[in-house]
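1. Generate a structure from the sequence data that follows.
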Amino acid sequence: MIIQLDSDITPAEQQQLADKLASIKFKPTNVKTQFANYLIGVGKEEFDIRSIGNLPGIRDIHRVSDAYKLVSRKWKVNDTVLQIGDDIQIGTGHFALMAGPCSIESEEQIAATIQHLKKNRVKIMRGGVYKPRSSPYSFRGLGIDGLKLWHSMAKEAGIAIITEVMMVEQIEAMADYIDIFQVGARNSQNFNLLDALGEVDKPVLLKRGISGTLDELLQSAEYIFSHGNEKIMLCERGIRTFEKAYRNTMDINAIAMLKEKSHLPVIADPSHGIGVRKFVDKIALASIMAGADGVIFEVHATPEKAFSDGQQTLNFQEADLLISRMRKAFRLREEY
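-> Residues are numbered from 1 along each chain as shown. Purely as a prediction, here's the structure:
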């Protein structure tokens, strides 16, 4: 059960509500976000929802049977649309593109990528400054100094930044220099990190775990929402299966199902989804037709020289063509 409280609910009205919930053996949990105050009730007994909904101080009430409640579509029918800065919207009816290298490598690389994005009217640049790598001997990013350099150049160009945060301790140092926090697949169930991101007033792109189910992804999003942050995007980036022909199995089904299960925006990551450069465009277009609200993909001036993930990264010419095709695909889908 989700109870949305009036902003001016009185202590007496709160106590009356608490007494009522206790009488039907429902455990209440208070959740205060950037936008509203909620009370989440968990219990098993049957009751007349009107007996609670008619109490003073209550704005709205919904039954939600899902274990994840705040991110469920069962209480919020209208889709969430996120506002990033003054001119970026992400959610139903607004198609978002996020592109850039796997890793931030140098000032020259940042400048070239920004020029490429501006030419294509892409307003969000992705890139890693802290890289979780399978091998401890691989390049692991430029860290906070690289982020500060990137931020100064992106800000001057009017480009927003999305980058991965790996530890709770990094959040505060990164917050002033980024527009969107990304939680990678390996940290999708790092609940301490998710709790901490719930206390930050910044959008979070939450990637599906390497072998995670949709319910596990939604439960992870619930951690962020329940700690106060409603600005969440879900990201399908492929899962590990028995197939070895490509990096991951991109679950196109998941995009449509997540849009059915949740009101949150859904972003597709075809670069990690297949991990093979020549097929990234096809998976990106399929993701759009499946209902994705945006696509995040990897691009580099010379992928063959990239410090990481060059095998799945498009060059600028390939990205030019894909961006044009994705926008056409989105218009076609909206007409359909």
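2. Show me the shaky parts of the stretch 51-200 of the chain.
-> 131-134, 137-140 (pLDDT under 70).
3. Spell out the residue ranges of the helices in it.
-> 107-119, 143-157, 168-175, 191-197 (DSSP state H, counting those that start in this stretch).
4. right, so of the ones you listed, which gets closest to Pro270?
-> Smallest distance to Pro270 across those (C-beta to C-beta): 17.5 Å, for helix 107-119. C-beta coordinates here come from the backbone N, C-alpha and C atoms, glycine included.
5. other SSEs contacting that closest one?
-> strand 96-100, strand 124-126, helix 143-157, helix 316-335 (3 or more C-beta pairs under 8 Å, 6 or more residues apart in numbering; DSSP states H and E).
6. Could you dump these into JSON lines and include mean neighbour count and distance to Lys259?
-> Formatted as JSON lines, the helices and strands packed on helix 107-119 follow (neighbours: other C-beta atoms under 10 Å; distance: least, C-beta to C-beta, whole Å):
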{"stretch": "strand 96-100", "mean neighbour count": "25", "distance to Lys259": "15"}
{"stretch": "strand 124-126", "mean neighbour count": "26", "distance to Lys259": "20"}
{"stretch": "helix 143-157", "mean neighbour count": "17", "distance to Lys259": "30"}
{"stretch": "helix 316-335", "mean neighbour count": "16", "distance to Lys259": "12"}
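7. element containing the closest residue to Arg59 other than its chain neighbours, please.
-> Nearest residue to Arg59, sequence neighbours excluded (C-beta to C-beta, 6 or more residues apart in numbering): Gln4, at 4.5 Å. Remark: Gln4 resides in strand 2-5, with elements defined by DSSP states H and E.
8. how about that strand: buried residues?
-> Neighbour-count burial for strand 2-5 flags 2-5 (criterion: 16 or more other C-beta atoms under 10 Å).
9. Out of the helices of the stretch 51-200 of the chain, which gets nearest to Gly57?
-> helix 191-197 (27.6 Å).
10. and the helices and strands packed on helix 107-119 as JSON lines, adding distance to Phe181?
-> Formatted as JSON lines, the helices and strands packed on helix 107-119 follow (distance: least, C-beta to C-beta, whole Å):
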{"stretch": "strand 96-100", "distance to Phe181": "13"}
{"stretch": "strand 124-126", "distance to Phe181": "12"}
{"stretch": "helix 143-157", "distance to Phe181": "12"}
{"stretch": "helix 316-335", "distance to Phe181": "24"}
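11. For Leu218, which of those is the nearest?
-> Nearest to Leu218, of those and by C-beta to C-beta, is strand 96-100 at 20.3 Å.
12. Gln312 reaches Lys278, doesn't it?
-> No: Gln312 is beyond contact range of Lys278, at 9.9 Å (criterion: C-beta atoms under 8 Å).
13. More neighbours: those two, which one.
-> Applying other C-beta atoms under 10 Å to Gln312 and Lys278 shows that Gln312 carries more neighbours, namely 25 against 10.
14. Pop out the phi and psi values for that one.
-> phi -120, psi 10 (degrees, to the nearest 10).
15. Do you know the pLDDT at it?
-> In the predicted model, Gln312 carries a pLDDT score of 96.
16. OK, contacts around it?
-> 247, 271-272, 274-277, 280, 298 (C-beta atoms under 8 Å, 6 or more residues apart in numbering).
17. can you list the residues that contact the next helix or strand after the strand holding Gln4?
-> Per DSSP H and E, the first helix or strand lying C-terminal to strand 2-5 is helix 11-23. Applying C-beta under 8 Å, 6+ apart, the external contacts of helix 11-23 come out as 3, 5, 27-28, 39, 41, 43, 51-52, 55-58.
18. so can I have TSV of the helices of the stretch 51-200 of the chain showing distance to Leu218?
-> Shown next, in TSV, are the helices of the stretch 51-200 of the chain (distance: least, C-beta to C-beta, whole Å):
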stretch	distance to Leu218
helix 107-119	31
helix 143-157	29
helix 168-175	22
helix 191-197	12
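19. To Ala284, which of those helices lies closest?
-> Among those, helix 107-119 sits nearest to Ala284 (C-beta to C-beta), with 16.0 Å.
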